[in-house]
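Chemist: Just a sequence and a predicted model for now, questions to come.
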Amino acid sequence: MIPNTIYSKSELRKYLKKLNIDDIDLYSIYTGYTRQDILTSLYNGKHLHSFMRSDSTPSLGFYIGDNGTIRFKDFGGDGGDVFTVANIHHRKALQGGLFVELLQAIYNDVLKKNNYTVSKEQITLLPKQKVTVDVDLRDWSNYDYQYWVRGYDFDSLEEVEYYSTYAVDIIYLNGKFYKKSSPKFPIYGYLVTMLNGDFFWKCYLPKQTPKFITGGIGLDFMPYVLNDLKPTDPLGLIKSRKDAMVVYDHIQTLLVPNSENSTGMSKQELGLFKNRRVNTYIEQDEGGLIGISQLETNLGKTVTRRLLPSTGDGNKQINDFAELRKFLRRDKFKEFCQWYFPQPKLTLTEIHNFINKLKH
């Protein structure tokens, strides 16, 4: 039954659910992104070229908003939800009587299987700009000590800085003020060193959404990796800078993708993987598997997919190395790493059992 009038977002979603259509499908209809693109951005932090403007540097990302809906943020422009995107094409309104017309237009687009991309004429009406991220640094504070040293069991904040991680006071996007750090909402900056020697800032906002704002794409080559890498060393792609920091004493040849999608790597970066063993320490959820598959396609070979440490404990779900170290603390985490990394293959049950053994 086709409704004559739809009066609310919840009512629209109810009808769309019967058609097996969710917000990701709607975003795909109105932006031209594939479902895989959106999932990879949502779960892995991959930035996409903005659909709203001419964009030479990927600068738009998807995230889960406070109310649980999927939202987008264009760091060179605006943000919003799927209704914001739909309205770019239908030019109705986001409230009042015309919003009802927008809801109906969205439903009709689904039924007619319409697909949109923003036209060149629309792009000319929007600002053309390359997004750059700059920061002002600040001194470390007690709340930083609580987060890094007390939380993740680093020896000191100086150790945190060794991994090119700094306390940020202000973020600037394209030279304009964007966000200021505070004790309640601290900001940290990862100085990302690229293979060609260039660098950019990737900001980490642990208590905000989105959690990451990055000024570039490709691999995070922290200086110690470039200095210590030998021709025969295997390479590992690991989920995050924080994960690389906590396991450095056990495995040094780790690189952090700014997204798990290898299409962000240069030919020079991909060349590093030639004739090497490659391990991935990335979540094997839908988004992670998409990224690993794309990496394998680009490398032309199969990589070894290592399962991330997981407690399997519903009361305290842990799915990465940093959270596991926070949970076990340093000595027991060291014991876990000494057991985990030499093993060629482990099952989730084996990992759960070993972590439970360490807990007791």
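Modeler: Done, it's in. Residues are numbered from 1 along each chain as shown.

Chemist: from here on, contacts and neighbour counts on C-alpha atoms
Modeler: Fine.

Chemist: I213: which element?
Modeler: Secondary structure from DSSP states H and E places I213 in strand 212-214.

Chemist: which residues make contact with that strand from outside it?
Modeler: Under the criterion CA atoms under 8 Å, 6 or more residues apart in numbering, residues 45, 59, 133, 200-205 lie in contact with strand 212-214.

Chemist: That one: partners in the sheet, and parallel or antiparallel?
Modeler: Applying DSSP bridges, strand 212-214 is found paired with strand 199-204 (antiparallel).

Chemist: Next, please give the residue ranges for the strands of the chain.
Modeler: For the chain, applying DSSP state E gives strands covering 60-64, 70-74, 79-80, 133-137, 165-173, 176-180, 187-193, 199-204, 212-214, 219-220, 235-238, 254-257, 278-281, 304-305.

Chemist: what separates the third one from the chain centre, distance-wise?
Modeler: Offset of strand 79-80 from its chain centre (CA atoms, centre = their mean, to the nearest Å): 17 Å.

Chemist: Kindly provide the whole-number mean pLDDT of it.
Modeler: The average pLDDT for strand 79-80 rounds to 81.

Chemist: likewise the second one?
Modeler: The predicted model assigns strand 70-74 a mean pLDDT of 85.

Chemist: now stretch 190-209, how far from the centre of its chain.
Modeler: Relative to the mean C-alpha coordinate of its chain, stretch 190-209 is positioned 12 Å out (CA atoms, centre = their mean).

Chemist: CA atoms only for it, dumped as PDB, please.
Modeler: Taking Å, rounded to 0.1, in the frame of the first residue of the first chain, the C-alpha atoms of stretch 190-209 are listed here in PDB:
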ATOM      1  CA  TYR A 190      48.700  12.800  15.700                       C
ATOM      2  CA  LEU A 191      51.500  14.200  13.500                       C
ATOM      3  CA  VAL A 192      51.300  11.900  10.600                       C
ATOM      4  CA  THR A 193      54.500  11.400   8.700                       C
ATOM      5  CA  MET A 194      54.200  10.200   5.100                       C
ATOM      6  CA  LEU A 195      56.600   8.100   3.100                       C
ATOM      7  CA  ASN A 196      57.600  11.100   1.000                       C
ATOM      8  CA  GLY A 197      58.600  13.000   4.100                       C
ATOM      9  CA  ASP A 198      55.500  15.300   4.100                       C
ATOM     10  CA  PHE A 199      53.300  15.400   7.200                       C
ATOM     11  CA  PHE A 200      49.800  16.500   8.200                       C
ATOM     12  CA  TRP A 201      47.800  16.600  11.400                       C
ATOM     13  CA  LYS A 202      45.200  14.100  12.300                       C
ATOM     14  CA  CYS A 203      43.200  15.300  15.300                       C
ATOM     15  CA  TYR A 204      41.700  12.800  17.800                       C
ATOM     16  CA  LEU A 205      38.600  13.900  19.800                       C
ATOM     17  CA  PRO A 206      37.900  11.000  22.100                       C
ATOM     18  CA  LYS A 207      34.800  12.400  23.600                       C
ATOM     19  CA  GLN A 208      33.100  13.900  20.600                       C
ATOM     20  CA  THR A 209      31.700  12.900  17.200                       C
END
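
Chemist: ok, residues contacting it?
Modeler: Stretch 190-209 is contacted by residues 63-65, 133-135, 164-166, 185-189, 211-216, 218-223, 226, 241, 268-269 when judged by CA under 8 Å, 6+ apart.

Chemist: Mark which of the residues you listed are buried, thanks.
Modeler: With burial judged by 16 or more other CA atoms under 10 Å, the buried subset of the contacts of stretch 190-209 is 63, 133-135, 164-166, 186-189, 212-216, 218-223, 241, 269.

Chemist: I am assuming D169 contacts G189, so please confirm or correct that.
Modeler: No: taking contacts as CA atoms under 8 Å, D169 lies outside contact range of G189: 9.5 Å.

Chemist: Now the common contact residues for these two.
Modeler: Contacts common to D169 and G189, judged by CA under 8 Å, 6+ apart, are V135.

Chemist: How is this protein divided into domains?
Modeler: Here the domain parsing of the chain from automatic domain parsing is 9-124, 132-216.

Chemist: can I get those in JSON lines with distance to F341?
Modeler: Below are the domains of the chain laid out as JSON lines (distance: least, CA to CA, whole Å):
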{"stretch": "domain 9-124", "distance to F341": "23"}
{"stretch": "domain 132-216", "distance to F341": "20"}
